[in-house]
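Engineer: Next come a sequence and a model predicted from it.
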Amino acid sequence: MTQLPALPLAARLAAALPPGRFERLGVAVSGGGDSIALMHLLAEHRAAGGPEPVVVSLDHGLRPEAAAEVAGVMRAAAALGLAHWALVWRGWDGHGNLMQAARRARYRLIADWARDEGLPAVALGHTADDQAETFFMRLARGAGVDGLSGMAAERVAEGMLWLRPLLASTRAELRSWLGARGIPWVDDPSNENAAYERIRARAALAALAPLGITATGVAEVTQHLREVRAALVVQTHAAAAALARVEAVEVLIDRAGLEALPAEVRRRLLAHALRWIAGSEYAPRGPALAGFAEAVGAGTTATLHGCLALPEGPLLRLCREASAASGAVPPGALWDGRWRITGPDAPGCEVRALGEAGLRLCPDWRASGRPRAALAADPALWRGPDLVAAPLAGFANGWRAEPARNGDDFLASLFVH
């Protein structure tokens, strides 16, 4: 495989984080070799006009050494003249996927911290090795182009911009760089635990080395796939602009045009519409999406991802499924990520889904021109069991419903995901 350009580490970092882009930058440091190297490289980069690094560490409480490791990062940051913050997570209840729960908590807590500190982005120490391991993990799950394109150098999640400026560098390079400077780091013992999928992927990658398959080579393949993904996004955006329109935070698509699209573009358009309607960070996975697309093509009603597909003559309506709509919020608050209901003072009222029970109390619902199943997932104002208002179903009673998202957002968010 062709190898990535052998630029010095500092040059790669400067290319990923050019001087002047950020004044200050969060940097997540665990104490491991990758993140310790990132912290030191950013400290050097600051002297060359780079951003001021603000260090954060998370004590996840999953190992007895965690608190000592955070204290070690604090001392290392202080020696570089960098501010350091320590966060604590004690949210593991012993159920579900530990690694996934810890990862989500880490992103959420660090994002909240960065916003509180007024930081525009947070840098992470992921390397080409992490990229290659992610590739193999997703390959084992039968991922498509998006999954196999690996981790992005920049990504927005939890309302924060995450940067991975070391994706072109290997774990061995970083440790060699640290060793040459006498900089210590901590090795997490879980990195030897084959119970974790990532560690098994790491072992598989090492076993493939005699074939010339290396971390840098696989990382380069993921870059090619990201370029393919970008081209597909452009095609999907063009298809969405030509075939789809947004109505009441629902997506209506020309059925004939949808079926004429290349299969991958058709699936992408459907996946994006489902994710957008549900307000979900992730789109549905491949097999479920394939079955949904097949049902849509056959002109049958289908459900997926908390959404409902309803064929309407030449159109396909994708709307929220009433049973999946979120619970109750006060009037004026964002409900289900889609609507706000505002109106006169209404003590004791809350916003919930209209549902079938509410629809039976709205004799004029047909005037909306929307199907019953779609209206059932709309917001309504309730006082206990009593319906006070259903603005989208012909029972406004002085209240109005305002969508939180529109067609422009639907199209623009294609490029974000």
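Structural biologist: Structure's in. What do you need?
Engineer: can you pull out the helices in the stretch 1-150 of the chain?
Structural biologist: 9-16, 33-47, 66-79, 98-116, 128-140, 145-148 (DSSP state H, counting those that start in this stretch).
Engineer: go on, the stretch 201-350 of the chain?
Structural biologist: Under DSSP H, counting those that start in this stretch, the stretch 201-350 of the chain gives helices at 215-243, 255-260, 263-278, 286-297.
Engineer: and those helices as JSON lines, adding mean pLDDT, distance to residue 361 and mean neighbour count?
Structural biologist: No exception for glycine: its C-beta is placed from N, CA and C like everyone else's. Converted to JSON lines, these look like this (pLDDT from 0 to 100; distance: least, C-beta to C-beta, whole Å; neighbours: other C-beta atoms under 10 Å):
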{"stretch": "helix 215-243", "mean pLDDT": "95", "distance to residue 361": "36", "mean neighbour count": "17"}
{"stretch": "helix 255-260", "mean pLDDT": "98", "distance to residue 361": "33", "mean neighbour count": "15"}
{"stretch": "helix 263-278", "mean pLDDT": "96", "distance to residue 361": "25", "mean neighbour count": "22"}
{"stretch": "helix 286-297", "mean pLDDT": "92", "distance to residue 361": "32", "mean neighbour count": "16"}
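Engineer: Let me know which of those is the nearest to residue 345.
Structural biologist: When the helices of the stretch 201-350 of the chain are compared by C-beta to C-beta, helix 263-278 sits nearest residue 345, at 31.3 Å.
Engineer: Now do that closest one and helix 215-243, the angle between them.
Structural biologist: When axes from the mean of the first three to the mean of the last three C-alpha atoms, to 10 degrees is applied, the directions of helix 263-278 and helix 215-243 differ by 80 degrees.
Engineer: could you check the angle helix 286-297 makes with helix 263-278?
Structural biologist: Going by the same axes, to 10 degrees, helix 263-278 makes 90 degrees with helix 286-297.
Engineer: Use 54 as the first number from now on
Structural biologist: Fine by me, first position is 54 from now on; the one you just mentioned is helix 316-331.
Engineer: Show me what helix 316-331 packs onto, helices and strands only.
Structural biologist: Judged by 3 or more C-beta pairs under 8 Å, 6 or more residues apart in numbering; DSSP states H and E, helix 316-331 is in contact with helix 268-296, strand 303-307, helix 308-313, helix 339-350, strand 360-365, strand 368-373, helix 460-465.
Engineer: Present these as JSON lines; the columns should include distance to residue 333.
Structural biologist: Shown next, in JSON lines, are those (distance: least, C-beta to C-beta, whole Å):
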{"stretch": "helix 268-296", "distance to residue 333": "17"}
{"stretch": "strand 303-307", "distance to residue 333": "14"}
{"stretch": "helix 308-313", "distance to residue 333": "21"}
{"stretch": "helix 339-350", "distance to residue 333": "13"}
{"stretch": "strand 360-365", "distance to residue 333": "9"}
{"stretch": "strand 368-373", "distance to residue 333": "11"}
{"stretch": "helix 460-465", "distance to residue 333": "14"}
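Engineer: closest to residue 262 out of the helices of the stretch 54-203 of the chain?
Structural biologist: Nearest of the helices of the stretch 54-203 of the chain (C-beta to C-beta): helix 181-193, 11.1 Å.
Engineer: Mind giving me the packing neighbours of the closest one?
Structural biologist: Against helix 181-193 (3+ C-beta pairs under 8 Å, 6+ apart) you get helix 198-201, helix 250-260, helix 268-296.
Engineer: what sits up against it?
Structural biologist: Here helix 181-193 makes contact (C-beta atoms under 8 Å, 6 or more residues apart in numbering) with 57, 87, 200-201, 203-204, 220-224, 250-251, 254-255, 257-258, 267-269, 271-272, 274-275.
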